[in-house]
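J.: The sequence and its predicted three-dimensional model are supplied below.
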Amino acid sequence: MELREIAAISGKPGLYQILKPSKAGVIVETIDENHTRFLAAATSKISILSEITMYTTDAEGAISLREVFANIQKQFGDNMTLTAKSDGADLHELMATVVPDYDREKVYTSDLKKLVTWYSILHKHAPEAFDEPAVAAPTEATEDKAN
């Protein structure tokens, strides 16, 4: 499972694997022990994790969630002790450790609570999501067009 297959749904806790589209929305499955499937209505605000960024103060102005997760994985691995119930100062200290130039005015404590919750869910139920996405090898047809 890759980050492009995982979504957060506004108003619903947790993360969801996107299974397939339907006429009325998207069929998703919870990323937990239950693997409950349901239809997320087309009116739901669905955010794909691979498309989420966090504000930074550097020239680019943002860092992808994939990079933030990679930095957390690199520095903490299995030893992530913070949760959504942790003190806001501790959450901001974590973020300063993994992304020193994050924008302290635009990244709220509530964003960091989601970040550590999502990291914990993925670390426990879908650790492969932290791997770099597979890059498709060029096919012969693609190579012929390039020449």
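T.: That came through, no problem.
J.: biggest helix in the protein by residues?
T.: helix 109-125 (DSSP state H).
J.: can you tell me the average pLDDT over that one?
T.: Across helix 109-125, the average pLDDT comes to 91.
J.: May I have that helix exported as CSV, CA atoms only?
T.: This file holds the C-alpha atoms of helix 109-125, laid out as CSV (Å, rounded to 0.1, in the frame of the first residue of the first chain):
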residue,chain,number,x,y,z
THR,A,109,-1.1,21.9,17.0
SER,A,110,-4.2,20.2,15.6
ASP,A,111,-2.2,19.5,12.4
LEU,A,112,0.6,17.9,14.4
LYS,A,113,-2.0,15.8,16.3
LYS,A,114,-3.2,14.4,13.0
LEU,A,115,0.4,13.9,11.9
VAL,A,116,1.4,11.7,14.9
THR,A,117,-2.0,9.8,14.7
TRP,A,118,-1.5,9.1,11.0
TYR,A,119,2.1,8.1,11.6
SER,A,120,1.1,5.7,14.3
ILE,A,121,-1.7,4.1,12.2
LEU,A,122,0.6,3.6,9.2
HIS,A,123,3.5,2.4,11.3
LYS,A,124,1.3,-0.2,12.9
HIS,A,125,-0.9,-1.3,10.0
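J.: What residues of that helix count as buried?
T.: 112-119, 121-123, 125 (16 or more other CB atoms under 10 Å). Where C-beta positions appear, they are placed from N, C-alpha and C, glycine not excepted.
J.: And stretch 76-90, by the same measure?
T.: 76, 82, 84, 86.
J.: farthest-separated two in these?
T.: F76 and A84 (15.8 Å; CB to CB).
J.: Name the residue closest to the centre of the protein, please.
T.: Nearest to the mean C-alpha position of the chain, by CA atoms, centre = their mean, lies L49 at 3.7 Å.
J.: does it really touch M1, like I thought?
T.: No: applying CB atoms under 8 Å as the test, L49 and M1 come out as separate, 10.5 Å apart.
J.: Need the overlap of contacts for those two.
T.: A129 (CB atoms under 8 Å, 6 or more residues apart in numbering).
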